[in-house]
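In: Compute the structure for the input listed below.
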Amino acid sequence: MSSTKKSAERLIKKYPNRRLYDTQTSSYITLTDVKQLVLDADEFTVVDAKSNEDLTRAILLQIILEEEANGAPMFSSAVLSQIIRYYGHAMQGMMGSYLEKNVQAFTDIQDKFTSSAAGAVEGKPFSPEMWTQFMNVQGPMMQGMMNSYIDQSKNLFIQMQEQMQSQSKAMFGAFPFPGIVPPPTDKK
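Out: The predicted structure follows:
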């Protein structure tokens, strides 16, 4: 992030009474307001008013919790259970990276889709209703994009698997375990 962008970032302070104070507007705001900042792609940081500890992730997780509890949840109980199982697991870092890359790939596909669809509606932003209509008409095109996304996801998983295998071989190769071939060493 550039220094000019960083200085324009919005600062929100969380006080002991759990209230959020937006320093840009000099007013108290709610989680709903913070959610709107996220939807508007506004950069912001939430800090504890006393300790200056960064609380941004905690606030974002709180918004996700509220969204999951109300309306239509994005994650099933099975998926949430699987995610929880990765905490403290040796694969935690890889799982986080895998999820992050997949969300980014999905976002890139959606951006590409939106930019190609924008011309069809003469620059008007797509409302949720317009998305629904468009998706109903564009089934085959969407299927192709989803196949591309799935292929990208599969390739990312294969790359992670290969990386883990090479790291495991490098780590355990020094031990005399049967069936594990030590990695080649450069002899000069």
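
In: how far away is Gly88 from Met95?
Out: Distance of Gly88 to Met95, given as C-beta to C-beta, to the nearest Å: 11 Å. For every residue, glycine as well, the C-beta is placed using N, CA and C.

In: out of these two, which sits in the more crowded spot?
Out: Neighbour count, other C-beta atoms under 10 Å: between Gly88 and Met95, Met95 has more, with 16 against 7.

In: can you pull the contacts of the more buried one?
Out: Neighbouring residues of Met95 by C-beta atoms under 8 Å, 6 or more residues apart in numbering: 83, 86, 89.

In: Kindly recompute the last result at 10 Å.
Out: Residues in contact with Met95 (C-beta atoms under 10 Å, 6 or more residues apart in numbering) are 82-83, 85-87, 89, 160.

In: Buried members of those into ChimeraX, please.
Out: If you want just the buried ones from these in ChimeraX, going by 16 or more other C-beta atoms under 10 Å, the selection is:
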select :86,160
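
In: Looking at the contacts of Met95, which two lie furthest apart in space?
Out: Taking C-beta to C-beta, the two most distant members of those are Tyr87 and Met160; they sit 17.9 Å apart.

In: can I get the contacts of Met95 in TSV with distance to Gly71 and secondary structure?
Out: What follows is the contacts of Met95, written out as TSV (distance: C-beta to C-beta, whole Å; DSSP: H, G, I helix; E, B strand; the rest coil):
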residue	distance to Gly71	secondary structure
Gln82	22	helix
Ile83	20	helix
Arg85	26	helix
Tyr86	26	helix
Tyr87	26	coil
His89	30	coil
Met160	33	helix
